[in-house]
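**Q** here you go, sequence then predicted model.
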Amino acid sequence: MRTETEHTIFLKDYAPTPYFIDRVEMEVEIAPEKSVIHSLLHVVPREGTEPGTPLVLDGDELLLNSVAIDGAPLGLLAYEATPSSLIIHEPPLRRFVLETTVTIEPEKNTRLMGFYRSNGTWCTQCEPEGFRRITYYLDRPDNLATFNVTMIADKKLAPVLLANGNPVGQGDFEDGKHFAVWEDPHPKPSYLFAMVAGDLGSIHDSFTTSSGKQVALAIYCEHGKEDRCLYAMDALKRSMAWDERRFGLEYDLDVFNIVAVSDFNFGAMENKGLNIFNDRLVFAIPETATDADYDNVERVIAHEYFHNWTGDRVTCRDWFQLCLKEGLTVYRDQEFSSDERSRPVKRIEDVRLLRSAQFVEDAGPLAHPPRPDHYREINNFYTTTVYEKGAEVVRMLATMLGEAGFRKGMDLYFERHDGQAATIEDFIAAFADANQVNLDQFIHWYLQAGTPQVTVSDSYDAASQTYRLTLEQKTDPTPGQPEKQAMLIPVKFGLIGPNGSPMSWSKVSGAEVKGDLIMFDTGKAELTFEGIANRPVPSLFREFSAPIKLTTSLSAEDQLFLARHDSDPFNRWQALQTVATGILLDAVKAGGRLTDEGRVDALATALGETLEGNSGDAAFKALTLAMPTEDNIAQAIGTDVDPQAIHDARSALRKAISNRLHDKLLAVYNALADQGPFSTAQAATQGRSLRNACLTQLVAGGTEGAYSLAEAHYRTATNMTDRMAALAALVHANAPVAQALLGDFRTLYTADPLVLDKWLSLSAQVPDEATLDRVKAILADPSFPRNNPNRLRSLVGSFANANPVQFARPDGSGFRFVTEFVADVDKRNPQVAARVLTAFRIWRNYEPVRRAEAESALKSLAESGSLSRNTADILGRTLA
Ligand code: PHE
Ligand code: ZN
């Protein structure tokens with residue numbers, strides 16, 4: 001395998017730079033084809049820097065035109081410029097201004113890193129290392145500087161000129177050009193730099209902070225799509241108010257701008273005062289966005305806004321600390337959504353995502369701790385482990401310290417580190433110090449990869465009225481970490497008596513128990529509860545109080561008891577899932593057939609009670625109807641996985657449940673028919689979610705009647721949520737009518753790229769032999785936008801990640817299609833290529849035939865020629 005330079009960066013090698021830059025003045029002349037960047041960097045030698053120490057700046061694909069110090073051009077021998085760096089051999093040992101001029105070509109930038117053009121709009125993406133593609137710089141997060149940016153462009157091509165901070169000047173030139181000046185008074189690292197220039201529409205609003213400051217808010221987008229931004233604006237204002245209420249954090253500039261662009265590698269970016277978004281996370285109107293899309297818009301708008309404090313005001317010392325801002329900010333956006341909507345539903349959704357993405361990553365070759373200690377390519381560490389597991393770790397802190405204790409820790413963190421680049425150790429220390437607790441053991445959550453497995457057994461002794469609960473924890477080896485330390489695991493729990501009510505105890509020993517939390521911090525703990533009058537059923541890990549895999553000795557009967565009586569909605573949902581998983585694992589063993597009708601009956605009865613009962617809101621009921629995914633089952637099986645058997649087993653269970661609950665499902669479906677005009681109010685979205693869950697479950701029954709019901713639902717839908725729900729149900733059931741409706745959908749929405757993504761994604765998910773050829777044909781179509789990350793991910797990402805049977809075809813053709821796609825896209829956009837390739841992280845878990853095919857596809861990719869560092873890194877680790 002030939003790769004771009006092999007190099008590994010280690011956390012232990014972190015050292016401050018000998019010089020730092022505290023002020024940047026840039027003049028940017030934007031023009032089609034070529035843009036010229038003129039930079040004045042105010043450089044200061046750090047104390048202790050020896051005379052003659054060179055100043056080394058990062059660069060990438062820059063063409064240097066001139067370089068000067070304090071106005072005097074440098075002689076050719078005084079510096080060395082390569083495409084990847086600028087070295088000033090002997091800079092003065094005092095404050096000086098380094099002046100450079102470089103030329104860049106945004107139109108040719110298909111990597112979408114640095115300064116590029118999307119749909120005519122010039123925009124930037126600098127995290128993590130994109131600023132070096134704009135100008136030579138100390139492109140690392142521990143260099144904080146204030147920025148002043150003058151942008152010059154043709155007024156017709158780019159009437160809108162935006163950068164970070166506050167607008168401080170603007171004007172016209174005689175040649176049809178104009179300029180704008182932006183000053184950002186808050187020192188920031190270069191990854192938060194942003195500029196946008198283009199001909200854009202916008203909506204405007206304002207927010208008054210709690211201390212009375214007026215902030216002008218704006219969202220910019222393609223002309224004609226302004227109405228699609230109104231929901232995002234509403235979400236932004238709610239986010240601003242929430243951060244004041246919950247954390248006392250106010251916004252700190254005169255303006256806050258958001259720009260929606262259509263070519264973007266990730267979801268969105270928290271640039272100071274100028275967030276840039278993938279347009280799919282801004283646009284939301286009922287005709288084109290589903291309720292899930294609305295939730296995502298709200299969540300990501302909040303996430304990027306919350307970064308203003310957790311990320312921008314306090315940033316990361318180095319990229320190993322990425323989860324310092326990401327884990328914390330995901331936790332904050334989760335809390336926001338929970339406060340704005342249903343907390344139990346949000347928790348279940350988040351745990352589902354954690355299990356289907358993060359647990360899988362953590363159990364395979366790409367496993368890494370939330371804070372890694374080395375990397376070859378930082379772009380490959382924007383992972384679900386850093387984000388979602390990072391958030392779980394923060395959540396455990398909040399669980400252990402309580403809301404008030406957590407807030408004290410946050411306050412101290414800001415008091416100590418505002419305006420600084422901090423580390424995970426700084427973060428933990430703020431919580432430990434603010435609450436006078438020792439958190440030394442807790443840091444292992446940041447340092448160790450792998451999902452801890454907790455095994456529980458219990459026994460009850462009626463004579464002495466004691467109940468014993470034994471907990472054991474173990475974390476499997478992960479790459480580079482053969483041995484693991486015991487973690488501090490907070491177990492939120494309750495004991496439930498025979499009549500379904502909570503039980504208390506007179507005394508407990510064997511581990512520290514604080515209220516309803518067991519602090520489980522050893523390999524094994526044996527708890528003894530005294531004064532227990534009857535055999536209790538334990539409810540453990542309520543609210544999923546720690547990101548672990550739980551094995552208990554509870555019978556299906558006990559689980560169904562929990563499903564009926566647990567006061568914790570998460571565990572009521574979990575109990576039903578656990579019973580379903582047990583049935584599914586047995587069915588897979590039997591080659592895809594259900595083996596225990598009695599247990600299926602019991603599960604169906606419990607699901608029926610939940611559906612008709614009064615405990616839990618409508619969206620909660622909808623979640624209980626969704627059986628564990630094929631990926632969940634594959635994960636529970638672990639090795640020698642046969643995706644076909646899993647698919648068959650799951651289909652059989654869904655069909656059986658559907659048949660048994662048919663009348664109830666139909667009754668609820670019909671009762672929720674009259675939805676009135678579209679609204680995003682909680683009651684309305686929850687009603688749609690339950691009604692569509694019933695429909696999906698009916699379709700899983702596979703009857704003609706259900707198919708026509710779904711077709712009618714599709715045809716009469718007045719919003720995208722209902723239309724997509726019906727179409728997705730038919731597609732996943734591979735119903736005969738699915739292809740015709742996919743065709744109809746395609747014609748209806750040809751002009752709307754974001755809706756086209758839904759079509760691409762569903763087309764790739766059809767569980768049918770013919771899907772691979774259809775996907776290939778769509779991709780080969782000359783009109784397919786081959787450089788747009790959203791389109792590529794919707795089609796090929798969905799095929800690789802959401803069609804387990806067709807991706808893992810036993811003849812290997814699904815695997816080969818994906819590796820060939822990766823090799824091709826890698827030449828233009830390494831980040832997208834590397835991300836799609838991660839679908840292979842489960843390859844060693846397949847049964848031997850598929851495993852061999854996957855390995856051979858991966859090996860031919862390795863031999864196919866020169867790969868980017870991004871793709872080579874993922875491939876190397878996947879095969880290791
Ligand atoms: N920092 C962004 C976020 O969390 C994600 C991102 C990373 C975007 C890298 C672009 C590039 O919200
Ligand atoms: Zn983030």
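**A** That came through fine. Bear in mind that the values here come from a model prediction, so they are computed numbers and not experimental data. Numbers count the residues shown, from 1 in each chain. Ligands and ions are numbered 1, 2, ... in the order given.

**Q** which residues of the chain lie near ligand 2?
**A** 326, 329 (Cβ under 5 Å from the ion). C-betas here are computed from N, CA, C, even on glycine.

**Q** where does the chain have low pLDDT?
**A** Residues of the chain meeting the criterion pLDDT under 70: 1-6.

**Q** flag every residue of it that's near ligand 1.
**A** 125, 127, 266, 268-270, 303-304, 326, 382 (Cβ under 6 Å from any ligand atom).

**Q** buried subset of these, written for ChimeraX?
**A** Restricted to buried positions by 16 or more other Cβ atoms under 10 Å, the ChimeraX selection for these reads:
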select :125,127,266,268,269,270,303,304,326,382
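
**Q** looking at the residues of the chain next to ligand 1, which is nearest P538?
**A** E326 (33.9 Å; Cβ to Cβ).

**Q** just the closest residue of the stretch 1-150 of the chain to ligand 1, please.
**A** E127 (4.1 Å; Cβ to the nearest ligand atom).

**Q** returning to that earlier point: from the residues of the chain next to ligand 1, which single one is nearest N119?
**A** Distances from N119 to the residues of the chain next to ligand 1, taken by Cβ to Cβ, are shortest for Q125, at 14.5 Å.

**Q** which residues sit in contact with the nearest residue to the residue of the stretch 1-150 of the chain closest to ligand 1 once chain neighbours are set aside?
**A** Take E127 and drop its neighbours on the chain: the residue closest to it by Cβ to Cβ, 6 or more residues apart in numbering is Y191, 4.1 Å away. Counting by Cβ atoms under 8 Å, 6 or more residues apart in numbering, Y191 makes contact with 126-131, 139, 141.

**Q** give me the number of residues near the closest residue to ligand 2 within the stretch 651-800 of the chain?
**A** When scored by Cβ to the ion, the stretch 651-800 of the chain has P789 as its residue closest to ligand 2, at 17.3 Å. Using other Cβ atoms under 10 Å, P789 is surrounded by 21 other residues.

**Q** pretty sure it contacts P830?
**A** No: the pair P789 / P830 is not scored as a contact, 11.6 Å apart, by Cβ atoms under 8 Å.

**Q** make a markdown table from the residues of the chain next to ligand 1 and add distance to S338 and secondary structure to it.
**A** Listed next are the residues of the chain next to ligand 1 as a markdown table, based on distance: Cβ to Cβ, whole Å; DSSP: H, G, I helix; E, B strand; the rest coil:
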| residue | distance to S338 | secondary structure |
| --- | --- | --- |
| Q125 | 30 | strand |
| E127 | 27 | coil |
| F266 | 24 | coil |
| A268 | 20 | strand |
| M269 | 24 | strand |
| E270 | 21 | coil |
| H303 | 14 | helix |
| E304 | 18 | helix |
| E326 | 18 | helix |
| Y382 | 24 | coil |
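
**Q** for K34, grab phi and psi.
**A** Here is the backbone geometry of K34 (degrees, to the nearest 10): phi -130, psi 140.

**Q** that one is in contact with V102, isn't it?
**A** No: in this structure K34 lies outside contact range of V102 using Cβ under 8 Å: 10.5 Å.

**Q** and stretch 379-394, end to end?
**A** End-to-end distance of stretch 379-394: 23 Å, with Cα to Cα, to the nearest Å as the criterion.

**Q** hang on, the earlier thing: now do the contacts for the residue of the stretch 1-150 of the chain closest to ligand 1.
**A** 191-192, 269.

**Q** switch those over to TSV; also include distance to P477.
**A** Listed next are the contacts of E127 as TSV, based on distance: Cβ to Cβ, whole Å:
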residue	distance to P477
Y191	34
L192	37
M269	35
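
**Q** how close does the residue in the chain that ligand 1 sits nearest to sit to E222?
**A** Per Cβ to the nearest ligand atom, F266 is where the chain lies closest to ligand 1, at 3.5 Å. Between F266 and E222 the distance is 19 Å, computed by Cβ to Cβ, to the nearest Å.

**Q** what segments of the stretch 251-400 of the chain are strands?
**A** 255-261, 268-269, 274-278, 315-316, 374-375 (DSSP state E, counting those that start in this stretch).

**Q** could I get the ones you listed as a markdown table with distance to L625?
**A** Listed next are those as a markdown table, based on distance: least, Cβ to Cβ, whole Å:
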| stretch | distance to L625 |
| --- | --- |
| strand 255-261 | 34 |
| strand 268-269 | 32 |
| strand 274-278 | 31 |
| strand 315-316 | 41 |
| strand 374-375 | 41 |
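
**Q** which one of those strands lies closest to G812?
**A** Judging the strands of the stretch 251-400 of the chain by Cβ to Cβ, what sits closest to G812 is strand 374-375, at 30.7 Å.

**Q** report all helices and strands that that closest one contacts.
**A** strand 9-10 (3 or more Cβ pairs under 8 Å, 6 or more residues apart in numbering; DSSP states H and E).

**Q** circling back: determine which two of the contacts of Y191 are furthest apart.
**A** G130 and P141 (12.5 Å).

**Q** hmm, back to that, neighbour count winner among K34 and V102?
**A** In this view K34 and V102 are compared by other Cβ under 10 Å, and V102 has more residues nearby, 23 against 14.

**Q** grab the nearest non-local neighbour of that one.
**A** L62 (4.5 Å).

**Q** closest one to R650 among the strands of the stretch 251-400 of the chain?
**A** Closest approach to R650 among the strands of the stretch 251-400 of the chain is made by strand 274-278 (31.7 Å; Cβ to Cβ).

**Q** what pairs with that closest one, and is each one parallel or antiparallel?
**A** With DSSP bridges as the test, strand 274-278 is paired with strand 255-261 (parallel), strand 268-269 (antiparallel).

**Q** if we can go back for a sec, Serialize the contacts of Y191 to CSV and add fields for secondary structure.
**A** As requested, those are exported to CSV (DSSP: H, G, I helix; E, B strand; the rest coil):
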residue, secondary structure
C126, coil
E127, coil
P128, coil
E129, coil
G130, coil
F131, helix
D139, coil
P141, coil
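
**Q** which of the residues you listed tops the neighbour count?
**A** Busiest of those [other Cβ under 10 Å] is F131, holding 29 neighbours.

**Q** and the residue lying closest to that one once chain neighbours are set aside, what does it touch?
**A** For F131, ignoring the flanking residues on the chain, the nearest one in space by Cβ to Cβ, 6+ apart is S190 at 3.7 Å. By Cβ under 8 Å, 6+ apart, S190 lies in contact with 126, 131-132, 137-140, 143, 145.

**Q** and the two most separated of those?
**A** R132 and A145, at 14.5 Å, using Cβ to Cβ across the contacts of S190.

**Q** show me which of the two is the more surrounded one.
**A** It is R132, of R132 and A145, that has more neighbours when counted by other Cβ under 10 Å, with 24 against 19.

**Q** F207 sits in which helix or strand?
**A** Using DSSP states H and E, F207 sits in strand 201-208.

**Q** can you give the contact residues for the helix or strand just after that strand?
**A** Heading C-terminal from strand 201-208, the first helix or strand you meet, by DSSP H and E, is strand 214-221. Strand 214-221 has contacts (Cβ under 8 Å, 6+ apart) with 160, 162, 196, 200-209, 228-229, 232-233, 236-237, 240, 251, 253-260, 279, 282-283.

**Q** tell me the angle strand 214-221 makes with strand 274-278.
**A** With axes from the mean of the first three to the mean of the last three Cα atoms, to 10 degrees defining the directions, strand 214-221 sits at 30 degrees from strand 274-278.

**Q** report the buried residues of strand 214-221.
**A** 215, 217-221.
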